[in-house]
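Visitor: This is a predicted model, with the sequence first.
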Amino acid sequence: MKKLKPAHPGTILLEEFIVPLGLTQYRVAKESGIAHSTMTQIVNGRRPISVENAIRLGLYFGTTAEFWMNLQMDYDLRLARRMKLKALEREVKPLDRAA
């Protein structure tokens, strides 16, 4: 079964916040203090949401920085598990708690 690619936080930012609220990327970038080029990269999935930008987005949209950081962390973990889990399972020797 083919797995769906996890949604980048920038996709969620665009589809769940910017578009429904009738905003533009430029306006959000300008009013939140995020460089327009950074905003474009985030929305296009080419850049992660940094801690500072998570705070800015939280303040701008009335959410929390944790909301944005959790989206980023979840995305990063899903990608890492998809791409590296099998190799890491071969390398890591779990702690033997019975010993």
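Guide: Structure's in. What do you need?
Visitor: in what helix or strand does residue 60 lie?
Guide: Assigned by DSSP states H and E, residue 60 falls within helix 51-61.
Visitor: Can you name the next helix or strand after that helix?
Guide: Remark: after helix 51-61, the chain's next helix or strand is helix 65-91, criterion DSSP H and E.
Visitor: Now do that next one: which elements does it pack against?
Guide: If contacts are counted by 3 or more CB pairs under 8 Å, 6 or more residues apart in numbering; DSSP states H and E, helix 65-91 sits against helix 9-12, helix 51-61. Every C-beta, even on glycine, is put in place using the N, C-alpha and C of the backbone.
Visitor: now the angle from that helix to helix 51-61?
Guide: 140 degrees (axes from the mean of the first three to the mean of the last three CA atoms, to 10 degrees).
Visitor: Extract the C-alpha trace of the helix holding residue 60 and format it as PDB.
Guide: In PDB, the C-alpha atoms belonging to helix 51-61 read as follows (Å, rounded to 0.1, in the frame of the first residue of the first chain):
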ATOM      1  CA  VAL A  51      11.400  28.700  16.500                       C
ATOM      2  CA  GLU A  52      11.300  32.500  15.800                       C
ATOM      3  CA  ASN A  53       8.900  32.100  12.900                       C
ATOM      4  CA  ALA A  54       6.700  29.800  15.000                       C
ATOM      5  CA  ILE A  55       6.500  32.600  17.600                       C
ATOM      6  CA  ARG A  56       5.700  35.200  14.900                       C
ATOM      7  CA  LEU A  57       3.000  33.000  13.300                       C
ATOM      8  CA  GLY A  58       1.500  32.200  16.700                       C
ATOM      9  CA  LEU A  59       1.300  35.900  17.500                       C
ATOM     10  CA  TYR A  60      -0.100  36.800  14.100                       C
ATOM     11  CA  PHE A  61      -2.800  34.100  13.900                       C
END
